[in-house]
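From the sequence below, what's the structure:
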Amino acid sequence: MSVPTWIALVLSFLALGASAFAIYRMRLLEFRPEVLAGDIILPRAGKAAGSAARLLLPLQFSNAGGADGIVEWVALRVTPDGDSARSVLLSPVGEVDMQRFINARRQVTEESLMEPFTGFALEGKRSVAKFVLFDIAERPRAAPLRLQPGRYGFELFIKASNSRQPRLERTFEHMVEQKHVDDYREDTAVYLINYQITLPAARRTLAESEWMPRAREAQSVH
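Numbering: from 1, shown residues only. Predicted coordinates for the structure are as follows:
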């Protein structure tokens, strides 16, 4: 005796719903790390002003899954004016204490730099803000990153315990103007802010440290 069409249809929908629910539960139990990025800070270089630049990035790490995991490392590739032949790879050299960074007049010092940057645990449904200083990964073989006017592309990679291979997490761009270059060479911190990217945890922490330039400084930066 054949099953009525409507019963078969109902059973199909029930099976589909059960599969979707199973997938949803699996995703809830996964470790699913994400990183938000978009802002760039060029700290004051002090006596080395005008030399190779290091980049300070506010990063917001979040876990969209319910399982804990490890963020093992991150890396940053910088490409000037879309020229891949001039791309440079930067690695994290340490985390920066933003309050001490501000107290040092926006210069990275031994007191503000917490070396080295290491892997860290990220709990399910949690987020954490970190301020990571990047420098050339293959010194002394690689050419240093020297600030010049132009459009810079940034690619942020992450390697986490849920994957055997690193993955490209974020891409964004910034236009570096001659004013930025002049300010940096005159030992002024330069801020490249991407207002299209929302970094709630990172910017909240930054605001607590009064990290943003005050009005008169912002005019000189932009």
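
Quick check: closest non-adjacent residue to Phe101.
Excluding the flanking residues, the one nearest Phe101 by Cβ to Cβ, 6 or more residues apart in numbering is Ser112, at 4.5 Å. (Glycine included, C-beta is placed from N, CA and C.)

neighbours around the one you found, how many?
22 (other Cβ atoms under 10 Å).

Check Gln165 too.
6.

quick one: it and Met114, what's the gap?
28 Å (Cβ to Cβ, to the nearest Å).

Now for the closest residue to Arg146 other than its chain neighbours, how many residues are close by?
With Cβ to Cβ, 6+ apart as the criterion, Arg146 has its nearest non-adjacent residue at 6.1 Å, and that residue is Ala52. Residues lying near Ala52 (other Cβ under 10 Å) number 15.

cool, and Phe154?
Applying other Cβ under 10 Å, we find 22 residues neighbouring Phe154.

now for the host helix or strand of it, which elements pack on it?
Using DSSP states H and E, Phe154 sits within strand 150-160. Strand 150-160 sits against strand 33-36, strand 69-80, strand 167-176, with contacts defined as 3 or more Cβ pairs under 8 Å, 6 or more residues apart in numbering; DSSP states H and E.

what are the pairing partners of the second one, and which direction each?
Paired neighbours of strand 69-80 in the sheet (DSSP bridges): strand 88-96 (antiparallel), strand 120-122 (antiparallel), strand 150-160 (antiparallel).

Asp187 and Pro43 touch, don't they?
No. Between Asp187 and Pro43 there is no contact under Cβ atoms under 8 Å: 10.1 Å.

When these two are compared, which one has more neighbours?
Set side by side, Asp187 and Pro43 show more neighbours around Pro43, with 23 against 16, by other Cβ under 10 Å.

In contact with the closest residue to that one other than its chain neighbours, which residues are there?
With Cβ to Cβ, 6+ apart as the criterion, Pro43 has its nearest non-adjacent residue at 4.8 Å, and that residue is Val108. Val108 makes contact with Pro43, Arg54, Leu56, Val96, Phe101, Leu133, according to Cβ atoms under 8 Å, 6 or more residues apart in numbering.

Tell me how far the residue nearest to Phe101 lies from Leu199.
For Ser112, the distance to Leu199 (Cβ to Cβ) stands at 20 Å.

do the same with Glu110
Distance of Glu110 to Leu199, given as Cβ to Cβ: 27 Å.

same deal with Ile41?
Ile41 sits 13 Å away from Leu199, going by Cβ to Cβ.
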